[in-house]
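K.L.:
Predicted model and sequence below, questions to follow.
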Amino acid sequence: MMEEKDIINFYLDNETLVGPDILVDLKITPLPIKTDFAVLNNDTLNIFNTHKKIVVKDFEEAIVLKEKHKNTKLYDKFIEYIKTIDGAEGIVINKKATELERKVFLDKLLSEKQSSESDQLMSSDDEKKQDKIQNTNLLQQRLNFLEKNKIKITSSYNSKARKWVVHDFVNLYTSRFRELEKILHARQELQSLTSISRITQKKERENISLIGVVYDKALTKTGNIMLTLEDPTGMVKAVVNKNKEELFRLAEEIQLDEVIGLAGMYDQIIFVNNLFIPDIPLTKELKKSPEEGCFLVISDTEPGSKLFLEKEFNKLLSWLSGDIGSEKQREIASKIKYIFIVGDLVAGVGIYPNQEFDLNIIDIYDQYKALAELLKKIPEHIPIIICPGNHDVGRISEPQPPLPQDYAEALIAMPNVISVSNPSTINIFANAEYGFDGFEVMLYHGLSFVYYSEHIPVIRRSGGQKRPDLIMKYLLQRRHLAPSHTSTLYIPDPKKDPLVIDKVPDFLISGHVHRAMVSNYKNVTCINASCWTNQSDEQERRGLEAQPGRAFIVDMKTREVKIMNFLSKDDQEKEESAKAQAAEPFVASATIATSSTTSNVSSTSSTAQSLVKPEVNNG
């Protein structure tokens, strides 16, 4: 007979606590079982023995209600359910039974359990083999689809979540510094670099150059900007004189944690003569495809919200299917090779205070099902490339991994949907026959945009969140999607900073701020995609002014970017009126409008019969 201490230790080793009500019985014959229950007592043992399927967490909450709050209703329901099993008599260990009867019963129970586990194991093995074969077939189908459509996922963050420690942040910033240092080191002006620890050994009033991370930034009493820079060897202060106007303006834009280069004269501190940011080289090629083809860009679709523009979104889907539009518009629809949806695929749940009042689909699973049903209207030969945003399920910290299949199975299971992380880079439309290596398209939902709209003086003065083109230009210049520590939530990956723009893309596509704008910076086409919801009270409170109902069409042969506006004529006129009053920058668009039957297309403006190239803001 086992001692009580041995029995308790036995179950503790199996991560289970033993209740005193069965301890006497277990002295005779301990049951060598593993269970999901936190506590093993008479009730939980009976559930296990009857093989009843219950939610362990719910049952244990019922026990807490019973013992702590004297509420036995839920607990009694569980017990009633357990007793309904066929042949349940004899399941409860009778405390008045003889020692021999108890031993016979427990031996029989063990034998039945082992037999059942053996059958389950064989069945489980067969199911695993079938699942493996099925998964292999699905993977091969997906690879064939990617190859057929000339898609290569250049980067998509898939590292497993784990516990992060302080040292991971140190390694992240070290890794970021090394990556951006390589880019800056290519500058001719920074060939003769000096580490900070060696600067103090220099003679006074000697010219130096260095690369460092901005540790601190302050304004001196005389109005100059004082920067504190650090590298792996130490720290040093550098002052930018306000009388050097162009240099001072650049210093104004510099934020904490940026990696920059500088040149100047050292005399206790560095008097800066020049500042350098990683930036995009002037030699960046403006690629154009030798083949005809277009891709479409949208963002922030957000079905599940009462504000979702379902009518307008269905109009977009009908146009893609070739059911509506002028002859010219239908011709363009037939050339669409790819569709990008850049985050906030659904409205989400609990994203902002009182969001439940803005939802008509309150279950996150059903929101993704609703989106899947809409996207099924798109011809299956067109790949739909999606990434998550801050409204989507999963962690909000960047990089956000691809959507979890458990929540968005209906969407991810679609044969033409390709799910990637935020951010990610996808190569499309490569053609080896013509020696064309394809376009690099970087997707970034844009969670850091709000920070830079508020903290960069020139962006703030120019309209803040209304100018995502200026924000994207700023981030391309820094070669990082969120260089400042507090600009976004992020994962401190110690191996490599996934938010560094190490390879310059041909297209940078974002969303988040619900503004429709396209610009060009050093041959990188920047698109901030439109949304498909009306403006909520929460967005108005945050100063976000939406421009909904647009789709961007990129001609890959000419690199022209055009806009289709799917709002009704009345909504467009209201928007134009408001825009004129606010004197906002105007981005031209083409209009598609339907009659009441949505079967015919009627012209509502001079641009309806042909798509026009929008005004472009050049860097």
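P.N.:
Perfect, thanks for sending it.

K.L.:
which residues sit in contact with residue 422?
P.N.:
By C-beta atoms under 8 Å, 6 or more residues apart in numbering, the contact set of residue 422 is 343, 387, 388, 389, 398, 399, 400, 443, 444, 445. From N, CA and C alone the C-beta is placed, and that goes for glycine too.

K.L.:
Residue 543 touches residue 454, doesn't it?
P.N.:
No - using C-beta atoms under 8 Å, residue 543 and residue 454 do not qualify as a contacting pair, with a distance of 9.4 Å.

K.L.:
in the sheet, who's paired with residue 219?
P.N.:
Here residue 219 sits in beta bridges with residue 225, as judged by DSSP bridges.

K.L.:
Pull the number of nearby residues for it.
P.N.:
11 (other C-beta atoms under 10 Å).

K.L.:
before we move on, what about residue 330?
P.N.:
Based on other C-beta under 10 Å, the number of other residues close to residue 330 is 15.

K.L.:
helix/strand/coil for it?
P.N.:
helix (DSSP: H, G, I helix; E, B strand; the rest coil).

K.L.:
And it, how far from residue 284?
P.N.:
For residue 330, the distance to residue 284 equals 35 Å [C-beta to C-beta, to the nearest Å].

K.L.:
List the contacts of stretch 241-248.
P.N.:
With contact meaning C-beta under 8 Å, 6+ apart, stretch 241-248 is reached by 222, 223, 224, 225, 240, 271, 272, 273, 274, 275.

K.L.:
okay, the closest residue to residue 373 other than its chain neighbours: pLDDT?
P.N.:
Spatial nearest neighbour of residue 373, excluding adjacent residues (C-beta to C-beta, 6 or more residues apart in numbering): residue 410 at 7.9 Å. On the pLDDT scale, residue 410 is placed at 92.

K.L.:
before we move on, the earlier item: which residues are in contact with each of residue 543 and residue 454?
P.N.:
Jointly contacting residue 543 and residue 454 under the rule C-beta under 8 Å, 6+ apart are residue 464.

K.L.:
pLDDT weak spots in the stretch 51-200 of the chain?
P.N.:
Applying pLDDT under 70 to the stretch 51-200 of the chain picks out residues 51-53, 69, 82-128, 130-135.

K.L.:
Which parts of it are strands?
P.N.:
With DSSP state E, counting those that start in this stretch as the criterion, the stretch 51-200 of the chain has strands at 151-156.

K.L.:
Likewise for the stretch 201-350 of the chain?
P.N.:
In the stretch 201-350 of the chain, the segments counted as strands under DSSP E, counting those that start in this stretch are 206-219, 225-231, 234-240, 259-267, 269-276, 294-298, 336-342.

K.L.:
which residues touch the fourth one?
P.N.:
To tie it back to what came earlier, the one meant is strand 259-267. For strand 259-267, the surrounding residues in contact (C-beta under 8 Å, 6+ apart) are 176-177, 180-181, 184, 187, 189-190, 199, 202, 204-214, 229, 238, 254, 270-278, 480, 483.

K.L.:
Mind checking which of these are buried?
P.N.:
With neighbours counted using 16 or more other C-beta atoms under 10 Å, the contacts of strand 259-267 contain these buried positions: 176-177, 180-181, 184, 187, 190, 199, 208-214, 229, 238, 254, 270-273, 275-278, 480, 483.

K.L.:
Could you report the neighbour count for residue 386?
P.N.:
27.

K.L.:
Excluding covalently adjacent residues, which one is nearest to it?
P.N.:
That would be residue 341: by C-beta to C-beta, 6+ apart, it lies 4.7 Å from residue 386.

K.L.:
isn't that neighbour right next to residue 301, touching?
P.N.:
Yes - using C-beta under 8 Å, residue 341 is in contact with residue 301, at 6.3 Å.

K.L.:
between the two, which one's more packed in?
P.N.:
Higher neighbour count among residue 341 and residue 301: residue 301, with 29 against 25, using other C-beta under 10 Å.

K.L.:
how much space between the nearest residue to the more buried one once chain neighbours are set aside and residue 389?
P.N.:
Using C-beta to C-beta, 6+ apart and skipping the chain neighbours, the partner closest in space to residue 301 is residue 532 (4.9 Å). In this structure, residue 532 lies at 13 Å from residue 389, with C-beta to C-beta as the measure.

K.L.:
Between the two, which contacts overlap?
P.N.:
Common contacts of residue 532 and residue 389 (C-beta under 8 Å, 6+ apart): residue 300.

K.L.:
need the helix or strand of the protein with the lowest average pLDDT.
P.N.:
Here the helix or strand of the chain ranked lowest by mean pLDDT, DSSP states H and E is strand 617-618, holding a mean of 41.

K.L.:
separation between residue 196 and residue 202?
P.N.:
Note on residue 196: its distance to residue 202, by C-beta to C-beta, is 11 Å.

K.L.:
Next: residue 493.
P.N.:
36 Å.

K.L.:
Over to residue 244?
P.N.:
The span separating residue 244 from residue 202 equals 22 Å under the rule C-beta to C-beta.

K.L.:
Identify the residues contacting residue 470.
P.N.:
456, 458, 459, 462.

K.L.:
C-terminal to the helix or strand hosting it, what's the next element?
P.N.:
Under the criterion of DSSP states H and E, residue 470 resides in helix 468-478. Note on helix 468-478: by DSSP H and E, the next helix or strand toward the C-terminus is strand 507-510.

K.L.:
what helices or strands is that following strand leaning on?
P.N.:
Of the remaining helices and strands, those touching strand 507-510 by 3 or more C-beta pairs under 8 Å, 6 or more residues apart in numbering; DSSP states H and E are strand 336-342, strand 439-443, helix 468-478, strand 524-528.
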